[in-house]
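A.B. asks: quick one, fold the following:
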Amino acid sequence: VEELAKTINELAEKLDKHDLAKLETLEKYKELQELISQIATPEMREAMEKLRQAMEEQDPDQIREALEDLAMDQEEFQKNIERSLEILKQLQLERRLDELVKQIEEILHEQEDILDNIDGDNQQNTAERQKDLAKPMETFHNRLQETGNLAEENKAGDLAAQLDSLMQELASKDIPANMREAGSELSEGNKKEAKSGAEMNARDLAELLSKLNQMSNDFKEAKKDELANKIRRTTEEMLYLSEDQEELGDQSKELGTQSPRYRTLAGRQDDIRNALGRIIDGLFEISKETFFITPDLGAALGKAAQDLDKAIERYTDRNPRSVSQSQTSALGSMNSAIRQLIDILGQIQDSNSSTGYEEMLERLSEMASSQSSLNQQSMPMPGQEGQQSMPGGQGSGSMQRLAAQQRELQRQMEELGEDAQGMQEILGDLDALAKNMGEVANDMEDQNITQRTRRLQQQIVSRLLDATRSAREKEYSQKRESKSGEDITRR
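C.D. replies: Numbering: from 1, shown residues only. Next up is the predicted model:
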């Protein structure tokens, strides 16, 4: 990535020096320099290589063409990064609410433990614990304020209002002051007053915990319902569109080459194509909210749009057979998209969050397991390394079957890498991982399993597990960060 960024710097300087690019293009170029630290996909490298070759040949036309390709690639990068950022903001807010619940659970547990020990022998130690409990409670207040601000920034107005109301309620109760007062009463030997104060704190904390739990659940469920409703409406629109397309296709099959209905049916086909375009645009906006919208769905819709464009063109040519072929293909892609949308609705219903983040990590875990199993199946018998023999005398057919499975894992990884662009800092370079899978598949297809193949297989599993672990640790570190030295000590 650093080398790529350096190349961008050099090319930008050359372009500026030879006045081969407009100021606006150079500004976009410099913006791309900042983005490169976050994302560097194969498409980006390909565009950069094309630009490098054009610079070496000193062909102004090729340079301009390469710059246009790079600008288009940059626009796609920005869309992907914006999508990941929007989803991660939502996820961050959900995680913050979970952290607040955990904090209060721990504080409540400690308060209840203090209550159990008020009548014990070591009252001075218990009194100090009661006073010290005010510190994590004050930290909780700060985190609650931060979460409210975050909700405001993310335009979660209802949640921000609820958090603000909760903060005002806590300010009126002043639980930290009550904790210190209960501790002081116990230090002075006033067990009755101390116990009464501790019991009041426990009740207030239990009530707070209940409200936070409800708030967190309501926020997540509301987001899930909102997303599900959008997907449901899109699915219904696709169903209506599919029915219209099927009806139009049936009518097109009856056309003769001299039929006067070509223009009318072409107009209807154009209406369906425009409606599909609006659905695609709507789904792109929805994809900014969740990882549940996958590249496979986009590919199906894109294929349908291309086939409809061909059908419109073939209406003009008065070729009923070609029209029908394009329409049949489009209808198949549209129905495939509908099935995927229905599957997504089921996934959302079963999920704990609308973001689809946990499901994405689960996909990584499943791929690690599948890759590990594939590695074991492709292991040769002892002493046969470098030969093409399979365990138990299995032949080339078995190796080709394993190669096909490896290709499928490669496809899934490419899809996941496209789905998670902008998250390289957490998940690592998934595109490089997909490339390694492709190299292993090549060796399997050639029946040439070498030591290098084995190393690649092991690296793939290791990096898949690292990606999952890194994401989990990122969540854990964010949760621990909230305590920052304010951990509650069990005595």
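A.B. asks: which of the residues in the helix or strand hosting Gly332 are buried?
C.D. replies: If you go by DSSP states H and E, Gly332 is part of helix 320-350. Residues 320, 323-324, 326-331, 333-338, 340-341, 344-345, 348 are the ones in helix 320-350 that count as buried (16 or more other Cβ atoms under 10 Å). For the C-beta atoms, the positions are set from N, CA and C on the backbone; glycine is no exception.
A.B. asks: stretch 404-417 now?
C.D. replies: Neighbour-count burial for stretch 404-417 flags 405-407, 409-410, 412-417 (criterion: 16+ other Cβ under 10 Å).
A.B. asks: helices - which of those land there?
C.D. replies: The members of the buried residues of stretch 404-417 that map onto helices under DSSP state H are 405-407, 409-410, 412-417.
A.B. asks: would you mind measuring the gap between the ends of stretch 247-264?
C.D. replies: Stretch 247-264 has an end-to-end distance of 14 Å (criterion: Cα to Cα, to the nearest Å).
A.B. asks: list the buried residues of that stretch.
C.D. replies: Judged by neighbour count using 16+ other Cβ under 10 Å, the buried positions of stretch 247-264 are 248-249, 252, 255, 262.
A.B. asks: least trustworthy helix or strand in the protein by mean pLDDT?
C.D. replies: None of the helices or strands of the chain scores lower by mean pLDDT, DSSP states H and E than helix 23-35, at a mean of 43.
A.B. asks: wait, Leu301 sits on Arg278?
C.D. replies: No. Taking contacts as Cβ atoms under 8 Å, Leu301 lies outside contact range of Arg278: 11.4 Å.
A.B. asks: who has more neighbours, those two?
C.D. replies: More crowded of Leu301 and Arg278, by other Cβ atoms under 10 Å: Leu301, with 23 against 11.
A.B. asks: quick one: contacts for that one?
C.D. replies: Applying Cβ atoms under 8 Å, 6 or more residues apart in numbering, we find Leu301 in contact with 276, 279-280, 283, 333-334, 337.
A.B. asks: nearest to Leu144 among the residues you listed?
C.D. replies: Leu283 (35.9 Å; Cβ to Cβ).
A.B. asks: angle of the strand or helix carrying that closest one against helix 320-350?
C.D. replies: Per DSSP H and E: Leu283 is located in helix 262-287. Counting by axes from the mean of the first three to the mean of the last three Cα atoms, to 10 degrees, helix 262-287 points 20 degrees away from the direction of helix 320-350.
A.B. asks: and helix 262-287, how far out from the chain's middle?
C.D. replies: A distance of 28 Å separates the centroid of the chain from that of helix 262-287, by Cα atoms, centre = their mean, to the nearest Å.
A.B. asks: elements contacting that helix?
C.D. replies: For helix 262-287, the packing partners by 3 or more Cβ pairs under 8 Å, 6 or more residues apart in numbering; DSSP states H and E come out as helix 191-253, helix 295-316.
A.B. asks: repeat that for 10 Å
C.D. replies: helix 60-117, helix 191-253, helix 295-316, helix 320-350 (3 or more Cβ pairs under 10 Å, 6 or more residues apart in numbering; DSSP states H and E).
A.B. asks: confidence-wise, which of those is weakest overall?
C.D. replies: Least confident of those, judged by mean pLDDT, is helix 60-117 with a mean of 74.
A.B. asks: quick check: what element follows that one along the chain?
C.D. replies: Next along the chain after helix 60-117, taking DSSP H and E as the criterion, comes helix 123-132.
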